[in-house]
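Participant: please find the sequence and the predicted model below.
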Amino acid sequence: PIESSSPVESSSPVELAETSTDTDRAIAAGVKPRAYGGWYIAEHRLKVMRGYLQTMIATGLGTPLLYLYALGVGLATLVDANMGDGDQQVSYLIFVAPALLCSAAMTTATEEFSYPIMLGFKWNPTFFGMNAAPMQGGQIINGVTYAVIIRLVAQSIVYYIFMLAFGAIPGALGWLVIVV
């Protein structure tokens, strides 16, 4: 008497039904990651960012304070003192503050799109594991982009608050600088 090693031959019909149910459940469980995979990746990236939260807070508070004070107040005293007499003059602080915000956002975006991508592919290849899950490469890219956008919006809001404190927002539509 040779025993069968095949699970199909040795399984009862009830066990086979449970197996197909498990398979159906596994397939159904893969639907949500396929639909919202980018947001799962963004959640992962935001949790990874907590590892350098102190650095993000220090640069998020220090950069606008130092640059707005040095360029917007310090250098502005020299520039504003040498402006001619005109009807439509804008102070140097109001002129330079949006550019400083954009510069800080571009620096952060460059940093977040460079080193974490190298981390995910080379130093700690987490992207390969994500790609082995029921997620596609485009979802990984979207998720990283979502996380960077969330960080940039938060950083730009903090920068905008500093711009308000320094008086660098001349009108009611000044909040649009966050979107830009």
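Facilitator: Here it is on my side, so go on. Everything quoted here is computed from the prediction, not taken from an experiment.
Participant: contact partners for the residue nearest to residue 168 when sequence neighbours are not counted?
Facilitator: Using Cβ to Cβ, 6 or more residues apart in numbering and skipping the chain neighbours, the partner closest in space to residue 168 is residue 97 (3.6 Å). C-beta: built from backbone N, CA, C; applies to glycine. Residues near residue 97 by Cβ atoms under 8 Å, 6 or more residues apart in numbering: 68, 72, 163, 166, 168-169.
Participant: now do 6 Å
Facilitator: Shown in contact with residue 97 (Cβ atoms under 6 Å, 6 or more residues apart in numbering): 72, 163, 168.
Participant: so it is in which element?
Facilitator: Element membership of residue 97 [criterion: DSSP states H and E] is helix 92-118.
Participant: okay, buried residues for that helix please.
Facilitator: Buried residues in helix 92-118, counted by 16 or more other Cβ atoms under 10 Å: 92-94, 96-98, 100-101, 104-105, 108-109, 112, 116.
Participant: where's the residue nearest to residue 168 relative to residue 73, distance?
Facilitator: Note on residue 97: its distance to residue 73, by Cβ to Cβ, to the nearest Å, is 11 Å.
Participant: and the residue nearest the centre of the chain, what helix or strand is that in?
Facilitator: With distances taken as Cα atoms, centre = their mean, the residue of the chain nearest its centroid is residue 148 (1.7 Å). Residue 148 belongs to helix 137-166 when assigned by DSSP H and E.
Participant: packing partners for that helix?
Facilitator: If contacts are counted by 3 or more Cβ pairs under 6 Å, 6 or more residues apart in numbering; DSSP states H and E, helix 137-166 sits against helix 31-49, helix 53-67, helix 92-118.
Participant: on contacts alone, who are the packing partners of whichever helix or strand comes after the shortest one?
Facilitator: Toward the C-terminus, helix 53-67 is succeeded by helix 76-81 as the next helix or strand (DSSP H and E). Applying 3+ Cβ pairs under 6 Å, 6+ apart, we find helix 76-81 packed against helix 92-118.
Participant: got the angle between the helix it packs on and helix 31-49?
Facilitator: Relative orientation of helix 92-118 versus helix 31-49 (axes from the mean of the first three to the mean of the last three Cα atoms, to 10 degrees): 120 degrees.
Participant: quick one: mean pLDDT for helix 92-118?
Facilitator: Mean pLDDT, computed over helix 92-118, is 91.
Participant: quick check: angle from that helix to helix 137-166?
Facilitator: Per the same axes, to 10 degrees, the angle that helix 92-118 makes with helix 137-166 is 150 degrees.
Participant: what's downstream of the helix holding residue 97, the next helix or strand?
Facilitator: Helix 92-118 is succeeded, C-terminally, by helix 126-132 (DSSP H and E).
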